[in-house]
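*Asks:* structure for the following, please:
(2 chains)
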Amino acid sequence: MLGRTFQESFDRADLAGWRERSLSCTADDVSRALNGQGATLGRFAALISPAAAQQLEQLATRAHALTVQRFGRVLQMYAPLYLSNECIDTCTYCGFSRESGIRRLTLSPMRVESEAEVLLREGFRHVLLVSGEHPRIVNAGYLSECVRRLRKRFASISIEVAPQYEDAYRELVQAGVDSLAVYQETYDRDVYDQVHLGGRKKNFDWRLETPERAARAGMKRIGIGALLGLADWRYDALATMLHADWLQRACWRTQISVSVPRLRTAEGAIESLNPVTDVDLAQYVCALRICLPDAGIVLSTRERESLRDGLVKLGVTQLSAGSRTEPGGYEEPDHEAEQFDVADHRSSREVAATLVAMGYEVVWKDWEASLHGTA
Amino acid sequence: MEDSFVVASRAFSSRLLLGTGKFPSGASMAAAIAASGTDIVTVALRRVDPTATGDDILDFIPTQDVLLLPNTSGAQTAEEALRLARLARAAGMPDWIKLEVTPDLRYLLPDPVETLKGCELLVADGFTVLPYMPADPVLAKRLEEAGAATVMPLGSPIGSNQGLTTEAALAIIIEQAGVPVVVDAGIGAPSQAARAMEMGADAVLVNTAIAVAQDPVRMAGAFAEAVRAGRNGYLAGLPAVSDTAQASSPLTGFLQGNA
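*Replies:* So this is what the prediction gives:
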């Protein structure tokens, strides 16, 4: 039975046991999973197993067919816009960590508008506002003001900021936010504790319950994910799949997407604890698509060009491009203030041209402000 | 004999309506529209961008030749659908609306309650409303009473290519309809479109099966032929289907010599 909260389902799920079983899956288990139905942990465990890695082409064939069937040969483009790199959290993997020596700045709402101008000229109509966690500087009031200035120009405004209370999400939805990205980073409680040394982010459960709070507040689209490379990737993959499936069932009016970020080098940050190979990542994308045919899959510029182009065919439906990961970076690039190094340095137009050459339609607008009650 | 498809007093010659999602490019969509011979093309308002820096989806629809039918894809409530429809009207689009209210985001199934409410709101606001609906005969009558110009029951979940899994309910809707019945969603093969037309549907709407075909243009042509064939089969009067073979030497033949 579906837990009343995701935490209930999560605590009951024995994900460590499923990870163990995944390691000993056989080729027969993989065939059964490929021909099976539904988002069960057993099926997913078989698809991310070492045995399934030996059948990656079959996984890819199925994943590609499901993606084309459900989404067509269509990619939705978005761009991140960093508002602030101020942060009270100490996270060992992040360039914005409190202890990190980067230059700190927060854009004024007016400056946010001029950054957004650059993105609009490039063709973007979906924007993702990103910031570190700083409740005094980056609060719901500041965010709402930024959103109000952008909402007439952008079809969709997403946020990737510190977890908020339900009321704050309600205020943000009212201001014009339609979409939330909140990544658990890792679903492994021990590793979570080791990499989050201080700050509000140390509270695992508060973060875990964030997507539910946002859905209750009327957020139309929610993206989740784990930062691959912190804990064992199979464990985090199982947890992410379980989370996405729970959200799709419990919050059935909310569109769920899964992001698949891998840890990148950042100023003062740790190296990956559990490196995730390109094959692992491709297998993960295939398994997500096969078990969750309706979920969006989001890929950022953390990955290099050739890998991104390849993963598009396996199930990715949303791509960022031409990204800057520091506040103000579109107008004035500043490597001293960025969150992480991007690996795909192509401009958005170059990425779009490649996709078109691959036989994909690039969609810049696929939302309408009228759909979230603020138009 | 002229066999027009008439919706709200407007006559169309093609009984194949086309959706515009999932095409690999604007050019392939335009070519498929041409090959299908369609007169009505529906487009999601959420995809339309009058401020686009590059090509916009509307640039690929020959609006001088076909009726552009904006749809409210993405709406989860009647009010959201109304806002979208008003947006379309304000942007100078026709005030014909394909009403889609689909809060279920996995199968995109239409909400019967909000669809009926949305139809009432849109009709009151002066729109010609073509509602996408579950294959529910009572809801079809209720929508008709609410002023819907057609009813558009689903054959099976959208994009599923499962064909007419709702066939028994579709038959009742067609039998009882006072407005044209357009079978929308789930039609995955020309033979399924032909079947819907043979059953007496007035038209079908196809999108995924054409858009994701290896050759969308050829598939558009195939659907055009299937729709015509199915319609002709219906008009010609299909022979009754029997549970048993009608043998040419009936069991009572031996009696005839004794007559």
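*Asks:* all strands of chain A, in order?
*Replies:* Along chain A, the segments classed as strands by DSSP state E run A:74-84, A:90-91, A:126-131, A:156-160, A:179-181, A:196-198, A:221-225, A:255-259, A:296-299, A:318-320, A:361-363.
*Asks:* format these as TSV; extra columns: mean neighbour count, distance to chain B and mean pLDDT.
*Replies:* C-betas here are computed from N, CA, C, even on glycine. Formatted as TSV, the strands of chain A follow (neighbours: other CB atoms under 10 Å in any protein chain shown; distance: least, CB to the nearest CB, whole Å; pLDDT from 0 to 100):
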stretch	mean neighbour count	distance to chain B	mean pLDDT
strand A:74-84	25	6	94
strand A:90-91	22	32	85
strand A:126-131	24	11	95
strand A:156-160	24	9	96
strand A:179-181	25	12	97
strand A:196-198	17	32	88
strand A:221-225	23	9	97
strand A:255-259	23	5	96
strand A:296-299	22	10	96
strand A:318-320	23	15	94
strand A:361-363	22	5	93
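*Asks:* would you format those strands as CSV with distance to B:Gly237 included?
*Replies:* Shown next, in CSV, are those (distance: least, CB to CB, whole Å):
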stretch, distance to B:Gly237
strand A:74-84, 43
strand A:90-91, 74
strand A:126-131, 53
strand A:156-160, 52
strand A:179-181, 54
strand A:196-198, 74
strand A:221-225, 50
strand A:255-259, 47
strand A:296-299, 48
strand A:318-320, 51
strand A:361-363, 43
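*Asks:* centroid residue for chain A?
*Replies:* A:Ser259 (3.2 Å; CA atoms, centre = their mean).
*Asks:* residues contacting the nearest residue to that one once chain neighbours are set aside?
*Replies:* Setting aside the residues directly before and after it, A:Ser259 is nearest to A:Gly225 in space (CB to CB, 6 or more residues apart in numbering or on different chains), at 3.6 Å. When contacts are counted by CB atoms under 8 Å, 6 or more residues apart in numbering or on different chains, A:Gly225 touches A:Ala181, A:Tyr183, A:Gln184, A:Thr240, A:Val258, A:Ser259, A:Val260, A:Pro261, A:Val298.
*Asks:* what residues does the stretch 101-250 of chain B put near chain A?
*Replies:* B:Pro103, B:Asp104, B:Leu105, B:Arg106, B:Gly159, B:Asn161, B:Thr208, B:Ala211, B:Val212 (CB under 8 Å from any CB of the partner chain).
*Asks:* hey, where'd the helices end up in the stretch 151-300 of chain A?
*Replies:* A:166-175, A:189-195, A:204-208, A:210-216, A:233-250, A:278-291 (DSSP state H, counting those that start in this stretch).
*Asks:* residue of chain B nearest chain A, please.
*Replies:* Residue of chain B nearest chain A, by CB to the nearest CB: B:Lys22 (2.5 Å).
*Asks:* ok, that residue touching A:Thr67?
*Replies:* No: in this structure, B:Lys22 is not within contact of A:Thr67 by CB atoms under 8 Å, at 10.7 Å.
*Asks:* the more surrounded of those two?
*Replies:* Set B:Lys22 next to A:Thr67 and count neighbours by other CB atoms under 10 Å in any protein chain shown: A:Thr67 wins out with 25 against 22.
*Asks:* excluding chain neighbours, what is closest to that one?
*Replies:* Excluding its sequence neighbours, the residue lying closest to A:Thr67 (CB to CB, 6+ apart) is A:Gly315, at 4.8 Å.
*Asks:* for B:Thr252, give me the pLDDT.
*Replies:* For B:Thr252, the pLDDT comes out at 67.
*Asks:* helices and strands of chain B: which one bottoms out on pLDDT?
*Replies:* Lowest by mean pLDDT, DSSP states H and E among the helices and strands of chain B is helix B:253-256, with a mean of 68.
*Asks:* quick one, strands of the stretch 1-150 of chain B?
*Replies:* Ranges of strands within the stretch 1-150 of chain B are B:5-7, B:10-12, B:16-19, B:40-44, B:67-71, B:96-99, B:128-133, based on DSSP state E, counting those that start in this stretch.
*Asks:* please convert these to a markdown table, extending it with mean neighbour count, distance to B:Pro180 and mean pLDDT.
*Replies:* Below are these laid out as a markdown table (neighbours: other CB atoms under 10 Å in any protein chain shown; distance: least, CB to CB, whole Å; pLDDT from 0 to 100):
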| stretch | mean neighbour count | distance to B:Pro180 | mean pLDDT |
| --- | --- | --- | --- |
| strand B:5-7 | 18 | 6 | 94 |
| strand B:10-12 | 14 | 10 | 94 |
| strand B:16-19 | 28 | 11 | 96 |
| strand B:40-44 | 23 | 11 | 93 |
| strand B:67-71 | 21 | 14 | 94 |
| strand B:96-99 | 27 | 13 | 96 |
| strand B:128-133 | 27 | 9 | 97 |
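*Asks:* can I get these in JSON lines including distance to A:Gly123?
*Replies:* Converted to JSON lines, these look like this (distance: least, CB to CB, whole Å):
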{"stretch": "strand B:5-7", "distance to A:Gly123": "36"}
{"stretch": "strand B:10-12", "distance to A:Gly123": "35"}
{"stretch": "strand B:16-19", "distance to A:Gly123": "24"}
{"stretch": "strand B:40-44", "distance to A:Gly123": "19"}
{"stretch": "strand B:67-71", "distance to A:Gly123": "22"}
{"stretch": "strand B:96-99", "distance to A:Gly123": "27"}
{"stretch": "strand B:128-133", "distance to A:Gly123": "30"}
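*Asks:* B:Ala194 is nearest to which of the ones you listed?
*Replies:* B:Ala194 lies closest to strand B:16-19 among these, at 11.1 Å (CB to CB).
*Asks:* need the contact list for the residue of the stretch 51-200 of chain A found nearest chain B.
*Replies:* Nearest residue of the stretch 51-200 of chain A to chain B (CB to the nearest CB) works out as A:Gly72 at 2.5 Å. Residues counted as contacts of A:Gly72 (CB under 8 Å, 6+ apart) are A:Glu361, B:Gly21, B:Lys22, B:Phe23, B:Pro24, B:Thr208, B:Ala211, B:Val212.
*Asks:* same thing but at 6 Å, please
*Replies:* B:Lys22, B:Ala211, B:Val212 (CB atoms under 6 Å, 6 or more residues apart in numbering or on different chains).
*Asks:* what's the answer for A:Asn85, then?
*Replies:* By CB under 6 Å, 6+ apart, the contact list for A:Asn85 reads A:Phe96, A:Arg104, A:Gly132, A:Pro327, A:Ala337.
*Asks:* let's have those residues in a markdown table, adding neighbour count and distance to chain B.
*Replies:* Converted to a markdown table, the contacts of A:Asn85 look like this (neighbours: other CB atoms under 10 Å in any protein chain shown; distance: CB to the nearest CB, whole Å):
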| residue | neighbour count | distance to chain B |
| --- | --- | --- |
| A:Phe96 | 29 | 31 |
| A:Arg104 | 16 | 33 |
| A:Gly132 | 28 | 31 |
| A:Pro327 | 28 | 24 |
| A:Ala337 | 22 | 28 |
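*Asks:* who are the packing partners of the lowest-mean-pLDDT helix or strand in chain A?
*Replies:* Counting by mean pLDDT, DSSP H and E, chain A has its least confident helix or strand at strand A:90-91, which shows a mean of 85. Contacts defined by 3 or more CB pairs under 6 Å, 6 or more residues apart in numbering or on different chains; DSSP states H and E place strand A:90-91 against strand A:196-198.
*Asks:* pLDDT weak spots in chain A?
*Replies:* Counting by pLDDT under 70, chain A has low-confidence residues at A:265-269, A:373-375.
*Asks:* how about the residues of it by chain B?
*Replies:* A:68, A:72-73, A:123, A:253, A:255, A:294, A:359, A:361, A:365-368, A:370-371, A:375 (CB under 6 Å from any CB of the partner chain).
*Asks:* among the helices of the stretch 151-300 of chain A, which is nearest B:Ala168?
*Replies:* The nearest among the helices of the stretch 151-300 of chain A, by CB to CB, is helix A:233-250 at 28.7 Å.
*Asks:* cheers, nothing more for now.
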